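>>> structure for the following, please:
(chains A and B, ligands or ions: 1)
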Amino acid sequence: MGLVATSRVKSPWILHYCTGGCNGCDIEILACLTPLYDVERFGILNIGNPKHADLLVVTGPVNWKNADVLKNLYEQMPAPKMVMAVGACACGGGVFHNCYNTLGGVDKVIPVDVYVRGCAARPEAVIDGVVAALDKLAGLGRGEG
Amino acid sequence: MTLTTVLTALGALVLAPLAGGLLYGIDRKVTARLQGRMGPPVVQPFYDFFKLAAKKRMMTSRGSGVWAWAYLLLTMTAFALFFLGQDLLVVVLVLAFAGGALAYGAFAVRSPYAHLGAHRELLQMAAYEPILLLTVVMFAMETGSFTVCGVLAAAGPLLPALPLTFLAVLIALGIKMRKSPFDIAACEHAHQEIVRGVYTEYSGRYLALIELAHWYELVLVLAVVALFWAQPLWVGALIAAGVFLLELFVDNLAARLRWSWMVTAGWGLGIGFIMINMVLLRWLA
Ligand code: SF4
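Purely as a prediction, here's the structure:
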């Protein structure tokens, strides 16, 4: 791996957005930052700004109100970027499946690279998902994605 | 200006990013350990830098790109002037212009977050600039020269005569390193306030440029601290390293202050300490 590819894999900055799930998955994602899991070991930072982020982590089933917000956030992230759907809701609607107010999954709005299952997804599963996203990121050329 | 000085300055310009990046890496490691975590590897800032530099270019305003370059180049100018042994007042003023450039870049876009960050960045500068300028004046009162060469050629170390000035410089250092309790405009690490303050609209390679400028700035500010004990210089370097570690501890012990407290601390305590130091020196002389 070249210097740039290595650096990408070693420094994924995460933007976390909840599109209206029950917050269970959000709590598990934030648990990854605690001393027990400490994802900063791998250079992962939870950054609050789409313009600095490499990986968009989305929870919740996406509803009509925030679909635009999600698309907006995605478009503000400079390439190469990855999207990770965390939890049953984000993957396909979950317990909100077929509700009149939800779209039923993140991939109805933006392309998703990694799906993490679980309701709620465990922190280990979230970390596994990030690793899968990084494998994909490492294969991308300059400016792709 | 001899050939050796020029070579020293060139060497320092090349080595400073390495040293600065490593210092920031140590910073993240120590911070993580203080919080009971493992922390990233020490070379993490370099990974971040190369990743950012290779991201796709995305700009909200061309002006902010120009100002990001200005921030880096002006910081490097101040850095080079310092290591060429030039006038410290010029170094401080060029550094102030560099800090201003960062804020003007944030003003060049319409984002209210960036504007708020830029206002706070300017407030930070208002808080620490007088301290740095008055410190240079104190150096001049002691050594009779405003230049770095003059301080290096002084008969003995400055710290015994300027202990209170040193304390004031510690306050300025905290603000300059963007550490708690003074991380008002935007702090370095994962914790965030109002998105990312002054950095909100910079992305990709411009953020990398800003990161690089931070590395130069850190080494430069620590070099100014080392001037307090320049005979021999290695004692000064040790003091600078100690002060750096102290700053990390303070960062983890303290909570963020409000901006009005920062200005009060900078002007009240900082300028107050220096004034008392000045009066005592005159009185004892
Ligand atoms: S997947 Fe389950 S735990 Fe996660 S947000 Fe949806 S309902 Fe909550």
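
>>> how about the residue of the stretch 1-150 of chain B found nearest the ligand, what does it touch?
Residue of the stretch 1-150 of chain B nearest the ligand, by CB to the nearest ligand atom: B:R37 (25.3 Å). All C-beta atoms are positioned from the backbone trio N, CA, C, and that covers glycine. By CB atoms under 8 Å, 6 or more residues apart in numbering or on different chains, the contact set of B:R37 is A:P35, A:D38, A:E40, A:R41.

>>> flag the shaky bits of the chain, pLDDT-wise.
By default, I'm working from chain A. The model of chain A has pLDDT under 70 over residues A:1, A:140-145.

>>> hmm, I had chain B in mind actually
Looking at chain B by pLDDT under 70, you get B:1, B:185-195.

>>> which bits of it sit near chain A?
B:28, B:32, B:35-41, B:44, B:46-51, B:53-58, B:189-190, B:192, B:195-196, B:199-204, B:207 (CB under 8 Å from any CB of the partner chain).

>>> just the buried residues of the residues you listed.
If you count burial by 16 or more other CB atoms under 10 Å in any protein chain shown, the buried members of those come out as B:28, B:32, B:37, B:39-41, B:44, B:46-51, B:53-56, B:58, B:189-190, B:192, B:195-196, B:199-204, B:207.

>>> one step back: got a quick PyMOL command for the buried subset of the contacts of B:R37?
Selection of buried members from these for PyMOL, criterion 16+ other CB under 10 Å:
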select buried, chain A and resi 38+40
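
>>> what residue is smack in the middle of chain A?
Centroid check for chain A by CA atoms, centre = their mean gives A:V57 as the closest residue, at 1.7 Å.

>>> got phi/psi on that one?
Torsion angles at A:V57 (phi, psi; degrees, to the nearest 10) stand at phi -100, psi 120.

>>> excluding chain neighbours, what is closest to the most centrally placed residue in chain B?
In chain B, the centroid-proximal residue (CA atoms, centre = their mean) is B:K176; its distance is 4.0 Å. Of all residues not flanking B:K176 in the chain, B:V221 sits nearest, at 5.2 Å (CB to CB, 6 or more residues apart in numbering or on different chains).

>>> kindly report the same for A:P50.
Nearest to A:P50 is A:Q76, by CB to CB, 6+ apart, at 4.0 Å.

>>> isn't that neighbour right next to A:L56, touching?
No: counting by CB atoms under 8 Å, A:Q76 does not reach A:L56; the two are 9.9 Å apart.

>>> which neighbours do these two share?
In contact with both A:Q76 and A:L56: A:P50, using CB under 8 Å, 6+ apart.

>>> so for the two, which sits in the more crowded spot?
More neighbours surround A:L56 than the other of A:Q76 and A:L56, with 25 against 17 (other CB atoms under 10 Å in any protein chain shown).

>>> you'd agree that one is in a strand?
Yes: using DSSP: H, G, I helix; E, B strand; the rest coil, the assignment for A:L56 is a strand.

>>> helix, strand, or coil at the spatially closest residue to it that is not a sequence neighbour?
Distances taken as CB to CB, 6+ apart place A:V83 nearest to A:L56, at 4.8 Å, with adjacent residues excluded. When classified by three-state DSSP, A:V83 comes out as strand.

>>> contacting residues for A:V83?
A:L55, A:L56, A:V58, A:Y74, A:V106, A:I110, A:P111, A:V112, A:D113, A:V114.

>>> any idea how many residues pack against the closest residue to A:G43 other than its chain neighbours?
Closest residue to A:G43 apart from its sequence neighbours, by CB to CB, 6+ apart: A:S11 at 4.2 Å. When neighbours are counted by other CB under 10 Å, A:S11 registers 22.
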